[in-house]
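Colleague: Okay, here's the prediction I keep looking at, along with the sequence it came from:
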Amino acid sequence: MLSRVAENLYWLARYMERAENTARLIQVNANLMLDLPGGVSTGWEPLIRIVEATEAYEATGRQYSERSVIAFLVGDYSNPGSIVSSIASARENARTVRDMIPREVWEHVNDMHLYAGEYLKGGLHRRERHSHLQYVIQGAQAFTGMLEGTMNRGTGFRFLSAGRYLERADMTGRIIDVRSSSLLIETETEGLKPYQNIQWMSVLKSLTGYQMYRLKMRVRVHSDAVLEFLILDDEFPRAVYSCLGHVEFQVSSLPNNAGPLRVITRLRRHLQTQSLQGVSADDLHDFIVAMLEGLGEVHEALAQTYFDPEEASRERL
């Protein structure tokens, strides 16, 4: 397989996963704002920090209002991480590898691109927000389902799957980092203690993990158990450790995989040795920063081994 084709497949999956994750973030944050009582609010600024777009957002001169943040994250083509930009990038990558993926998958991605251009450009009004974001989430899930159900388990599928799970692990880490930093600090604030469980539930719901958490952990929602579930669990498909296991499995079947596998195995072993019981906000932040850097090293190892050397330094947009 040409390195260019492998890279396009890898980024096709990452961009689709990114669009879905961004839609989930907006949905859950909007619901959290309704659940919290008056005077207690998480605001919309954390969403910009989660996607690491603070500098780009503030350069636009916008305030951190609901309307402005959603417009930036949903329909702003100047933001490469917005939903419309992610879907457009996914569509362009799919177009260049149409002969490598099922025709239905290409048509589905193209339909999502047309839908985004018509309905999501510029942002969303409150009354139509849920239905449009739900379309993006379900569309991304359908994309994954089509690939799982119709594509040969060859080299192309392995790059698609590796890209999807690496993007998923990255977003899980970022959500935990930004959300937990305020939650753990605010544990000391008497007025906010009653709402800690609601906010930790929102972290789980951002990753559609609330029900699976209750089934697996069988304890009330609290920080230690949530962190253990979302970072170290090997069964929940959005937990960082589980995502790395999927990446490792796919890379193990690729040629010349010694370098990437070494990086992946080292990161998984590092996670296995960690205890998140009673961790402070500062220690957790340091741990997650190191974990995200490790995920970046996995990407770099894949890029240096399999992709175009001139594009190997491409970073998260």
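Modeller: That came in fine, so what should we check first? Numbering: from 1, shown residues only.
Colleague: list the contacts for the spatially most central residue of the chain?
Modeller: By CA atoms, centre = their mean, the chain has its centre lying nearest to Met171, at 3.1 Å. By CB atoms under 8 Å, 6 or more residues apart in numbering, the residues touching Met171 are 17-18, 21, 50. (C-beta placed from N, C-alpha, C; glycine too.)
Colleague: What helix or strand is it located in?
Modeller: Assigned by DSSP states H and E, Met171 belongs to helix 155-186.
Colleague: immediately after that helix, which helix or strand?
Modeller: Past helix 155-186, the next helix or strand by DSSP H and E is helix 196-206.
Colleague: buried ones in that next one?
Modeller: By 16 or more other CB atoms under 10 Å, the buried positions in helix 196-206 come out as 196, 199-206.
Colleague: Can you list the residue ranges for helices in this protein?
Modeller: 3-35, 45-50, 54-59, 66-74, 83-96, 103-115, 126-150, 155-186, 196-206, 210-217, 223-227, 240-251, 258-272, 281-306 (DSSP state H).
Colleague: and of these, who's closest to Asp234?
Modeller: Smallest distance to Asp234 across those (CB to CB): 5.3 Å, for helix 240-251.
Colleague: helices or strands up against that closest one?
Modeller: helix 155-186, helix 258-272, helix 281-306 (3 or more CB pairs under 8 Å, 6 or more residues apart in numbering; DSSP states H and E).
Colleague: Now that helix: buried residues?
Modeller: For helix 240-251, using 16+ other CB under 10 Å, the buried residues are 240-248, 250-251.
Colleague: I'd assumed His270 was in contact with Gly294.
Modeller: Yes - if you go by CB atoms under 8 Å, Gly294 and His270 touch, sitting 7.0 Å apart.
Colleague: Those two: which is more packed in?
Modeller: Gly294 (20 against 13; other CB atoms under 10 Å).
Colleague: Tell me who's in contact with that one.
Modeller: Gly294 touches 263, 266-267, 270, counting by CB under 8 Å, 6+ apart.
Colleague: May I see the residues you listed organised as JSON lines, with pLDDT added?
Modeller: Formatted as JSON lines, the contacts of Gly294 follow (pLDDT from 0 to 100):
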{"residue": "Val263", "pLDDT": "97"}
{"residue": "Arg266", "pLDDT": "96"}
{"residue": "Leu267", "pLDDT": "96"}
{"residue": "His270", "pLDDT": "92"}
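Colleague: what's the pLDDT at Pro61?
Modeller: Not quite, residue 61 is Gly, not Pro. Gly61 is assigned 92 on the pLDDT scale.
Colleague: right, I mislabeled it, should have said Asp170
Modeller: 95.
Colleague: What is the neighbour count of it?
Modeller: 23.
Colleague: For burial, what's the neighbour tally of the closest residue to it other than its chain neighbours?
Modeller: Leaving out its chain neighbours, the residue that sits closest to Asp170 by CB to CB, 6 or more residues apart in numbering is Leu295, at 5.2 Å. Using other CB under 10 Å, Leu295 is surrounded by 23 other residues.
Colleague: residue contacts, Leu295?
Modeller: Neighbours of Leu295 in contact, by CB under 8 Å, 6+ apart: 166, 169-170, 173, 267.
Colleague: Distance check, it against Arg103.
Modeller: Distance, Leu295 to Arg103, by CB to CB, to the nearest Å: 33 Å.
Colleague: From Met146, how far off is Glu107?
Modeller: 10 Å.
Colleague: picking that back up, so can I have CSV of the helices and strands packed on helix 240-251 showing distance to Arg62?
Modeller: Listed next are those as CSV, based on distance: least, CB to CB, whole Å:
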stretch, distance to Arg62
helix 155-186, 19
helix 258-272, 36
helix 281-306, 26
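Colleague: Quick check: Trp44 vs Arg174, distance?
Modeller: For Trp44 relative to Arg174 (CB to CB), the value is 16 Å.
Colleague: Can you check what angle separates the worst-scoring helix or strand of the chain on mean pLDDT from helix 3-35?
Modeller: Using mean pLDDT, DSSP states H and E, the weakest-scoring helix or strand in the chain turns out to be helix 196-206, at a mean of 83. Angle of helix 196-206 versus helix 3-35, following axes from the mean of the first three to the mean of the last three CA atoms, to 10 degrees, is 150 degrees.
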